[in-house]
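J.: quick one, fold the following:
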Amino acid sequence: MTTEEGLSPTQRQRAIGAVVAAAAGDALGAPYEFQAPVVDSEDIAMIGGGVLGWQPGEWTDETAMAIVVLEAAMTTSHHHDLRIETAQDHIAREWYSWSLGTPDIGTLTAHVMRRAADSARESGHYVPRARDFRAAAVAVHEELPANAGNGSLMRAHVSVLPYLLSAEDDAAEGIDAVCRLTHVHPDTTEACMLWGLAVRHAILSGEVDVRVGLHRLSDERRTLWTERIEEAEASAPVAFRRNGWVVSSFQAAWSAITAAGPIPEGKFDQRDALVSTLELGIRAGYDTDTIACIAGSLMGAALGPKAVPPEWRRELFGWPGYEVDELKKLAGRVVEPMVASGEPGAGEAR
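T.: Numbering: from 1, shown residues only. Take a look at the predicted model:
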């Protein structure tokens, strides 16, 4: 699953950065969710509140569901492989348990969970298993074929972490396996593939490039996604108003990243770039926590956790009673077997 060199310390920090920056974007965007675009004269801050009354620094469903995926990776001895059925059963069980008490869950995801729970009970089980989720996702798609929500894209960054030094085919299969537990529309599976592989590339190289996975799509779909990416680069995040749709979420997040400009060199300039990206995504309005989470995951993958302002890191917390240190440790444990003993920069991707 991994090369002899393993991950360098720098790469390991970037992997942790993807998780921390995604959580920061989630918490920063939470109080602005379900509301109209935020005007430039209004500051974006880690204030809490909003329609669902979040505490300052509290992450939401985006990070909660990602934590379950990371914990599932730790349940298998097969190099944390999320394709293993026991790992997927863990995800299904814990997502369902979490869903019973959360105030915030995507409409399509909730529909899949209810159907999976019904299927489990009919089979004599108290909680749904992975196969119940997969069957429910297909059934819901057949009922609602035009529904392509963004609930899977918000966790693509953690789905790829066990496969940073695996073959790209393994990484693609891992991303797809977690996505298909709830979402099977081609727009969702392809968006997750592109974003997850971009996160992987950023962790390994420090470069932000959302096109690195385009070669995995058919000619027709590659052309379509290229047009979508170019549209995002030519527009502001606020242009993508239907951002509960996975394509608009993808475009709004990529628009925010590209609008913030090239990745700078200095530590403080990198922090400013991350903050600017998240603020731009949140100003789009509506599904603000998801947009900022997605954008944060890719920026954090390139910059590492210290690009998140320290005052935000100190405030971050959420289900299941974690603060940022627990979040960092969990992400670190998933990539721990990949750490090299050499100097930072060893084992860089070519």
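J.: C-alpha only now, for contacts and for neighbours.
T.: OK.
J.: which parts of the stretch 101-250 of the chain are helices?
T.: With helices called from DSSP state H, counting those that start in this stretch, the stretch 101-250 of the chain shows them at 107-122, 130-143, 156-159, 168-179, 186-205, 219-233, 246-259.
J.: mean neighbour count, distance to L100 and mean pLDDT added to those, as CSV?
T.: What follows is these, written out as CSV (neighbours: other CA atoms under 10 Å; distance: least, CA to CA, whole Å; pLDDT from 0 to 100):
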stretch, mean neighbour count, distance to L100, mean pLDDT
helix 107-122, 18, 10, 92
helix 130-143, 20, 16, 96
helix 156-159, 30, 23, 98
helix 168-179, 22, 20, 97
helix 186-205, 26, 24, 98
helix 219-233, 15, 36, 98
helix 246-259, 26, 24, 97
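J.: among those, which is nearest A66?
T.: helix 156-159 (6.2 Å; CA to CA).
J.: helices or strands next to the closest one in the packing?
T.: Here helix 156-159 touches helix 9-29, helix 61-73, helix 168-179, helix 186-205, going by 3 or more CA pairs under 8 Å, 6 or more residues apart in numbering; DSSP states H and E.
J.: between these, which gets nearest to L274?
T.: Nearest to L274, of all the helices and strands packed on helix 156-159, is helix 9-29, at 8.4 Å by CA to CA.
J.: helices or strands up against the closest one?
T.: So helix 9-29, by 3+ CA pairs under 8 Å, 6+ apart, packs with helix 61-73, helix 156-159, helix 186-205, helix 288-303, helix 324-335.
J.: try 6 Å this time
T.: Here helix 9-29 touches helix 186-205, helix 288-303, going by 3 or more CA pairs under 6 Å, 6 or more residues apart in numbering; DSSP states H and E.
J.: which residues touch that helix?
T.: 46, 57-59, 63, 203-204, 282, 288-289, 292-293, 296-297, 300-301, 304-305, 328, 331, 344 (CA atoms under 6 Å, 6 or more residues apart in numbering).
J.: so how far is the lowest-mean-pLDDT helix or strand in the chain off the chain centroid?
T.: Here the helix or strand of the chain ranked lowest by mean pLDDT, DSSP states H and E is helix 107-122, holding a mean of 92. The chain centre lies 22 Å from the centre of helix 107-122; the measure is CA atoms, centre = their mean, to the nearest Å.
J.: output the below-cut-off pLDDT ranges for the stretch 201-350 of the chain.
T.: 338-350 (pLDDT under 70).
J.: and if we set it to 80?
T.: Applying pLDDT under 80 to the stretch 201-350 of the chain picks out residues 337-350.
J.: next up, the contacts around I294.
T.: Going by CA under 6 Å, 6+ apart, I294 touches M154.
J.: kindly provide the distance from it to V238.
T.: According to CA to CA, to the nearest Å, I294 stands 15 Å off from V238.
J.: for S119, which non-adjacent residue is closest in space?
T.: D132 (6.2 Å; CA to CA, 6 or more residues apart in numbering).
J.: pretty sure that neighbour sits against R115.
T.: No: D132 is not in contact with R115 according to CA atoms under 6 Å; the separation is 8.1 Å.
J.: where does the most far-flung residue of the chain relative to its centre fall, phi/psi-wise?
T.: For the chain, the largest distance from the centre (CA atoms, centre = their mean) belongs to G124, which lies 33.1 Å off. When read as degrees, to the nearest 10, the backbone of G124 gives phi 90, psi 20.
J.: hang on, the earlier thing: what is the least confident helix or strand of the chain packed up against?
T.: helix 130-143.
J.: mind pulling up the pLDDT for the nearest residue to A72 once chain neighbours are set aside?
T.: Distances taken as CA to CA, 6+ apart place A87 nearest to A72, at 5.1 Å, with adjacent residues excluded. With respect to pLDDT, A87 scores 95.
J.: ok, the one 3 residues further on next?
T.: Looking at H90, its pLDDT reads 96.
J.: any idea how far it lies from V68?
T.: For H90, the distance to V68 equals 8 Å [CA to CA].
J.: next one: A167
T.: For A167, the distance to V68 (CA to CA) stands at 24 Å.
J.: got the phi and psi for F317?
T.: In terms of degrees, to the nearest 10, the main-chain angles of F317 are phi -170, psi 170.
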